[in-house]
Structure formats: structure tokens, C-alpha cells
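Peer 1: build me a model:
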Amino acid sequence: MNKQLTLHQQTELCSALFYLNMRELKQICQHFDLPTQGEKITLIENIKLYITTGKIRKIQEIPPQSKAQSQTIYPLHPDTLILKGSFKNDLKTRIFLKKLIGQHFHYTAYGIDWIKNMWIQGTPPTYTQFASYWQSEYETRQKTKAPLKPEWAYLNFLDQYQKLHPTTSKLQAIAAWKIERVKQAQKVKDLLHLLNHNISI
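Peer 2: Just a heads-up that it's a prediction; the model follows:
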């Protein structure tokens, strides 16, 4: 990229990207010939890396040892490996995990992210290992009240807005979010325009 943003502008852009939806992020990635596979945070990190360094992040492939084999049955058992292609985020699996962990278990983004990271590392966990991780993370978050992930811009915005405006209704908070989202999307377009890139999002 010939032109560069200032550090302040880079920070502004990176912050505003969290307000975009997947369709918009993929449009930006396609414009810069960046990979469009992955979750929201992956696309944002790809864009940030390219804007700040001009580098393109390589797609992290899941190795064969982390993938389920076709026509192989993987029973819901404490010692069964959780593999890509066999693990299901469904009611049956949730009931099984509740038996391992307790009735307080529920699917969480940090739990799913942990499994995916283990897959990428080529060390798929067993259900027992996942249960141990999930319970430990749950207890830590209960104590520290860890903040929501930055890519959950919508939930973060509603949480902060309702704290600042305790008498507001949910509908009013959502309306405020829509206004802020348009504002942040325009900021992304304006900052990319400074780099001589006009992107319609």
C-alpha cells in the first residue's frame, strides 16, 4: 500500500471494524484480495494486519489428526476425542456435557474457540479435557466478570449504553446501536478512502 494511516487513524479504523457485519468485512477482504474464510475476529485481524503492515495472513489449516474420519462413529464418551466433523453443537451433546460438568453448562464462545485452537495445534481434546477447561474458565469469569469479546460489538454497545442510560428501553438502546453502527461504518469508508480505496459497504 502506497499511503499509510497515522497510528491514531489505524487505531480508529481497527476499533470501527468491530461494528461491521460479516458481509461488509468480506467485501473489504475481497477488495484487498485477503482470505474471506473464518470468523469475524479472523477477518478483522486479516484486515488490520494488511492495513498496518501490508502483509497477508496465511490461512490456518486444521491438520488431519484433528479431523474426524468418514464412516467412523465417535460416541459421546468422556475419553472420546472432540474432532472437527464429529463434534456437534446440539442438544444431545449439551445434555452429555451437562452430565460431565453440571447443569450450569452452556455453549460459550470461549469454549468453542478453545476447541478450534486445539484443532489447529493438532491436539484435539477429549470431552473430559474440554469439561475441565470449561469449568476452570467458567469459575474464573464468575470471579473476575471478564468483559465480552471486542468482536461482540453489538452486545458490548448495549451493555455500555444501558449502564450510561439506566432508564432507557431495549428498543431505544437498539435504535442507538443502529445509529452508531452507521457512524462507524462511515468512519471505515472514510479512512480507507484516505488510502485511495473506495469500498462500498
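
Peer 1: what residues go with each domain of this structure?
Peer 2: Domains of the chain are assigned by automatic domain parsing as 7-60+184-194, 64-144.

Peer 1: mean pLDDT, mean neighbour count and distance to Trp177 added to those, as CSV?
Peer 2: Every C-beta, even on glycine, is put in place using the N, C-alpha and C of the backbone. Shown next, in CSV, are those (pLDDT from 0 to 100; neighbours: other Cβ atoms under 10 Å; distance: least, Cβ to Cβ, whole Å):
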stretch, mean pLDDT, mean neighbour count, distance to Trp177
domain 7-60+184-194, 92, 16, 9
domain 64-144, 94, 14, 19
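
Peer 1: mind putting these into TSV with distance to Leu171?
Peer 2: Formatted as TSV, those follow (distance: least, Cβ to Cβ, whole Å):
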stretch	distance to Leu171
domain 7-60+184-194	19
domain 64-144	26
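
Peer 1: closest to Ile201 out of these?
Peer 2: Closest to Ile201 of these is domain 7-60+184-194 (Cβ to Cβ; 4.2 Å).

Peer 1: start to end distance for that closest one?
Peer 2: Using Cα to Cα, to the nearest Å, one end of domain 7-60+184-194 lies 14 Å from the other.

Peer 1: now the most centrally placed residue in the chain: how far from Lys26?
Peer 2: Nearest to the geometric centre of the chain sits Ile41, at 4.3 Å (Cα atoms, centre = their mean). Distance of Ile41 to Lys26, given as Cβ to Cβ, to the nearest Å: 14 Å.
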